[in-house]
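Peer 1: I'll drop the sequence and a predicted model, then ask my questions.
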Amino acid sequence: MPSTNVKSLTESARLKLKEAITQLEPFLNNHTVAGLVGEDGGEDAELFYKGLLSDLRHLLVFSEVVVEKLGVLLRRPNFDNDNAERVLYEVYHHCVNAFFYPKNECYSEDGRYAYTGQDAIRFRYKSNRESRTIVLGVSKLYEELRDELAYYESEYMTHRRMQGQK
């Protein structure tokens, strides 16, 4: 992949992840399981929100780590194309996959809605407005990252193996 394209992808990924972080961090700092469950919720609601907050915390940590790595790459006087491709691979496999395939499966993407203009994210449990807003808000950013970094889903590792590298 041309180095100018890799550098622009690196810059774009960093900006999108920083935006996701600015949305996720205040939500996680200001919400608790008890606050999200409220008085109406039962055991199902509690399990749902525990899983959701856990998944969002993991997503936040993965995103923060990768933003730092991308920042280091972009601050260097000589842009390291190989290292940037490795980090972009991490963005795809750690951040994008952490969003679209959450461990606790509190929400999932339903591809049938992707082409209708509706939100493709479907929640396992009827969640409150704040939870829906944060997940749907960052979904657009991670969707854009997934589209931009589709190359790193499989071709990058195939290319590396063909070169005899790990």
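Peer 2: Yes, it's here.
Peer 1: Next one: residue 137 from residue 23, what distance?
Peer 2: 5 Å (Cβ to Cβ, to the nearest Å). Placement of C-beta: from N, CA and C, glycine included.
Peer 1: How about residue 109?
Peer 2: Counting by Cβ to Cβ, the gap from residue 109 to residue 23 is 18 Å.
Peer 1: Then residue 77?
Peer 2: In terms of Cβ to Cβ, residue 77 sits 32 Å off from residue 23.
Peer 1: Neighbour count for those two, which is higher?
Peer 2: A count of neighbours by other Cβ atoms under 10 Å puts residue 23 above the other of residue 77 and residue 23, at 16 against 4.
Peer 1: Under a three-state scheme, what state does that one occupy?
Peer 2: Counting by DSSP: H, G, I helix; E, B strand; the rest coil, the backbone at residue 23 sits in helix.
Peer 1: So which bits of stretch 131-148 are buried?
Peer 2: 131, 134, 135, 138, 139, 141, 142, 143, 145, 146, 148 (16 or more other Cβ atoms under 10 Å).
Peer 1: Which strand or helix spans the nearest residue to residue 10 once chain neighbours are set aside?
Peer 2: Leaving aside its sequence neighbours, residue 10 sits nearest to residue 84 (Cβ to Cβ, 6 or more residues apart in numbering; 5.0 Å). Applying DSSP states H and E as the criterion places residue 84 in helix 81-90.
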